[in-house]
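Asker: need coordinates for the below:
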Amino acid sequence: MICLLANSLWATGCIPEYARFRRAIHRVAEEQEAVLCGILRKNADTEFGRTHGFSSIRSSGEFQRRVPIRDYDQHQRWIERAENGIPSVLTREAIRLFEPTSGSSGGTKLIPYTRSLQCEFQRGIQAWIADLFAHFPELLGGPAYWSISPPSARGNKTSGGIAIGFDDDTSYLGGWRKSLVRSVMAVPGSVSLESDSEEFIYVTLLYLLCARDLRLISIWSPTYLLLMLDRLTQWRDRISFDLEHGTHFNADNRRSREAQEALRAGSPQDIYARLWPKLKLISCWTDANAAGPAAKLAGLFPLCRVQGKGLIATEAFISFPFIGHEGATLSLRSHFLEFLSSGSEHAQRAHELDLGGFYRVIVTTGGGLYRYMLGDQIQVTGRIENCPLVRFVGRLDSVSDWFGEKLNDAHVSRAFKDAFKNSGVVPSFAMLACDTTPPAGYVLYIDADGSGELIAQAAAAIEADLRDNFHYDYARRLGQLASVRAVRIRDGARLYMKDAVRNGQKMGDVKAPALNRRGGWSSVFGVETDKERRLP
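Answerer: Below is the predicted model:
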């Protein structure tokens, strides 16, 4: 009853924003102009606003002429002043905290977070949640697991004394909604206090096993959930003992017996169906390099829907899934959105996008980022009324260029998708990285069942696709690079996640790219030399 009441209150509170969004999809240009004008009006009297004449801008076209497109590095001089505690640099509002995210060059970027930015995220979240509960009312009746990770920057502050990092994802909600969601969480936020990653996963699993009525799992990376599920089998005896004897907390005796019996069931599908018979939906990344792990999750939970997250970056809430439509709808009421196609110098607005077109995303937000170039590429897949539907393709700012080959993650992601589909290979982990040991070449590190012949076939298809890139093809013709070779690895997702956490990323946010710019991955994956493990 507590879950039903709390979820119903939350759903009811989301309905007004859902109604506003349904009106907005009929008037995309007007809605986006209103969003932009509101941001400029609030921040006209700031260092950035005065420099660019915000007070006299009257249209999005004029805004585009006055303010150049910039990436993080080009915003950094303003961001650093804000980090030092100087007020009214980017926003009139005080910066509540800086949220860390990994930079394209491997360093950490700090994204300013204000009350207005929080409201912009909430608009997208509320429209998504209202649509979700409207189509799956059974979600109202039980608890949910919302992504929790041990914060990588707990207690840290900028030089100006501003906090760095959220505790967990419910912090995006704020206010009474945050309290409601926390009241129905299957795993309490206090679990994030556990700093040891293995112990953190263990305690999380214990809480999930006690949640017989679990209805919803909302995470970022599908690999993260797959890794936790793998531990159920590995730790079955320890888990059974703790459930029975209450080593960490006292579980209900009946539920303890049910969980122990379920863990002894035959197939993984049987185990999960018996553990969580009312689970209806898993929300996670499903596009680009997450497609394979997401498909594996769908196979493990055949009676449960796996729904894509849309495109949500630390900087902005770009899109969210809308049930009954392929792709994710642009979050029109969150931020001012622009899109840049390859070879073009002029950014298009949301109502100007072409069906099937590929675009880089540019955002203007209430957090103080203006015409900010994200590294994400999207493709327009359709429309709902006048609003574009999009899917995430990959990262364009992740470029590997050891020998002038200029490969980017978006291209490699597309090559993976086609190669694995045509070969029938379904990897739980796959990543391309350069091995500079002579003869230098790109290595497909792959964790997958299936014959070596099929995996080698996939590698050959990826090689052929990459040669569509003039720079890569030129490096191959010059003999600077050998052809792509496949190296089968085991436990690749866990080893990649372990390396990422060691380098400062949050466990639940780790997303393996299709293309990694670093070298030295053979040692991370426990491969002595690539040549010894090369597949025929």
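Asker: can you list the domains in this protein?
Answerer: 117-308, 399-533 (automatic domain parsing).
Asker: including mean neighbour count and distance to His75, could those go into a markdown table?
Answerer: For glycine as for every other residue, the C-beta is placed from the backbone atoms N, C-alpha and C. What follows is those, written out as a markdown table (neighbours: other Cβ atoms under 10 Å; distance: least, Cβ to Cβ, whole Å):
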| stretch | mean neighbour count | distance to His75 |
| --- | --- | --- |
| domain 117-308 | 18 | 14 |
| domain 399-533 | 19 | 20 |
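Asker: redo the ones you listed as CSV? Include distance to Gly327 and mean pLDDT.
Answerer: Below are the domains of the chain laid out as CSV (distance: least, Cβ to Cβ, whole Å; pLDDT from 0 to 100):
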stretch, distance to Gly327, mean pLDDT
domain 117-308, 9, 85
domain 399-533, 15, 88
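Asker: can you list those in CSV and add distance to Met373?
Answerer: Listed next are the domains of the chain as CSV, based on distance: least, Cβ to Cβ, whole Å:
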stretch, distance to Met373
domain 117-308, 17
domain 399-533, 14
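Asker: what are the phi and psi angles of the residue positioned nearest the centre of the chain?
Answerer: Centroid-nearest residue in the chain, with Cα atoms, centre = their mean: Trp220, separated by 5.1 Å. Note on Trp220: its backbone torsions stand at phi -100, psi -70 [degrees, to the nearest 10].
Asker: my guess is it meets Gln505, correct?
Answerer: No. Contact criterion Cβ atoms under 8 Å: Trp220 and Gln505 do not qualify, at 11.2 Å.
Asker: returning to that earlier point: residues in contact with the residue nearest to the centre of the chain?
Answerer: Counting by Cβ atoms under 8 Å, 6 or more residues apart in numbering, Trp220 touches 147, 284-285, 309, 508-509, 511.
Asker: if we go to 6 Å?
Answerer: Residues near Trp220 by Cβ atoms under 6 Å, 6 or more residues apart in numbering: 147, 508-509.
Asker: could the residues you listed go into JSON lines alongside secondary structure and distance to Thr12?
Answerer: Output for these, formatted as JSON lines (DSSP: H, G, I helix; E, B strand; the rest coil; distance: Cβ to Cβ, whole Å):
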{"residue": "Ser147", "secondary structure": "coil", "distance to Thr12": "24"}
{"residue": "Gly508", "secondary structure": "helix", "distance to Thr12": "29"}
{"residue": "Asp509", "secondary structure": "helix", "distance to Thr12": "30"}
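Asker: what's the distance between Arg502 and Ala290?
Answerer: Relative to Ala290, Arg502 is positioned 22 Å away (Cβ to Cβ, to the nearest Å).
Asker: and if you look at Val426?
Answerer: From Val426 over to Ala290 the distance is 13 Å, taken as Cβ to Cβ.
Asker: again, but for Thr437
Answerer: According to Cβ to Cβ, Thr437 and Ala290 sit 30 Å apart.
Asker: what of Arg96?
Answerer: Taking Cβ to Cβ as the measure, Arg96 falls 30 Å from Ala290.
Asker: go on, Ser59?
Answerer: Using Cβ to Cβ, we find Ser59 at a distance of 38 Å from Ala290.
Asker: can you pull the buried residues of the helix or strand where Gln379 lies?
Answerer: Gln379 belongs to strand 372-384 when elements are defined using DSSP states H and E. Under the neighbour-count criterion of 16 or more other Cβ atoms under 10 Å, strand 372-384 has 372-380, 383-384 buried.
Asker: of the residues you listed, the lowest pLDDT goes to which?
Answerer: Note: of those, the lowest pLDDT belongs to Gly375, at 87.
Asker: pretty sure it is touching Val393, no?
Answerer: No. Gly375 is not in contact with Val393 according to Cβ atoms under 6 Å; the separation is 11.3 Å.
Asker: can you give me the strands in the stretch 351-500 of the chain?
Answerer: 358-364, 372-384, 387-395, 399-400, 407-408, 429-435, 441-447, 482-488 (DSSP state E, counting those that start in this stretch).
Asker: residues in contact with the fifth one?
Answerer: This means strand 407-408. Residues from elsewhere that reach strand 407-408, judged by Cβ under 6 Å, 6+ apart: 396, 399-400, 472, 515.
Asker: same thing with the second one?
Answerer: Residues lying outside strand 372-384 but in contact with it, judged by Cβ under 6 Å, 6+ apart, are 25, 69, 71, 104, 313, 325-327, 329, 353, 355, 357-363, 388-397, 410.
Asker: could you check the angle strand 358-364 makes with it?
Answerer: Angle, strand 372-384 to strand 358-364, by axes from the mean of the first three to the mean of the last three Cα atoms, to 10 degrees: 120 degrees.
Asker: bridge partners for Leu407, pull those for me.
Answerer: Beta-bridge pairing for Leu407 (DSSP bridges): Ser400.
Asker: going forward, begin numbering at 214 instead of 1
Answerer: I'll keep to 214 as the first residue from here, and by that count the last item is Leu620.
Asker: low pLDDT regions in the stretch 214-363 of the chain?
Answerer: Applying pLDDT under 70 to the stretch 214-363 of the chain flags residues 315-320, 363.
Asker: if we go to 80?
Answerer: Scanning the stretch 214-363 of the chain with the threshold set as pLDDT under 80 gives 214, 314-321, 361-363.
Asker: put the alpha carbons of the longest helix along the chain into PDB.
Answerer: In the chain, ranked by residue count with DSSP state H as the criterion, the top helix is helix 215-237. The C-alpha trace of helix 215-237 is given here as PDB (Å, rounded to 0.1, in the frame of the first residue of the first chain):
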ATOM      1  CA  ILE A 215       2.900   2.400   0.800                       C
ATOM      2  CA  CYS A 216       4.400   1.800  -2.700                       C
ATOM      3  CA  LEU A 217       1.000   2.200  -4.400                       C
ATOM      4  CA  LEU A 218       0.300   5.500  -2.600                       C
ATOM      5  CA  ALA A 219       3.800   7.000  -3.100                       C
ATOM      6  CA  ASN A 220       4.000   6.000  -6.800                       C
ATOM      7  CA  SER A 221       0.400   7.200  -7.400                       C
ATOM      8  CA  LEU A 222       1.300  10.600  -5.900                       C
ATOM      9  CA  TRP A 223       4.400  10.800  -8.000                       C
ATOM     10  CA  ALA A 224       2.500   9.900 -11.200                       C
ATOM     11  CA  THR A 225      -0.200  12.400 -10.400                       C
ATOM     12  CA  GLY A 226       2.400  15.100  -9.900                       C
ATOM     13  CA  CYS A 227       3.900  14.400 -13.300                       C
ATOM     14  CA  ILE A 228       0.600  14.700 -15.300                       C
ATOM     15  CA  PRO A 229       0.600  18.500 -15.700                       C
ATOM     16  CA  GLU A 230       4.000  18.500 -17.300                       C
ATOM     17  CA  TYR A 231       3.000  15.500 -19.500                       C
ATOM     18  CA  ALA A 232       0.000  17.500 -20.700                       C
ATOM     19  CA  ARG A 233       2.300  20.500 -21.500                       C
ATOM     20  CA  PHE A 234       4.600  18.300 -23.400                       C
ATOM     21  CA  ARG A 235       1.800  16.800 -25.400                       C
ATOM     22  CA  ARG A 236       0.800  20.400 -26.500                       C
ATOM     23  CA  ALA A 237       4.400  21.200 -27.200                       C
END
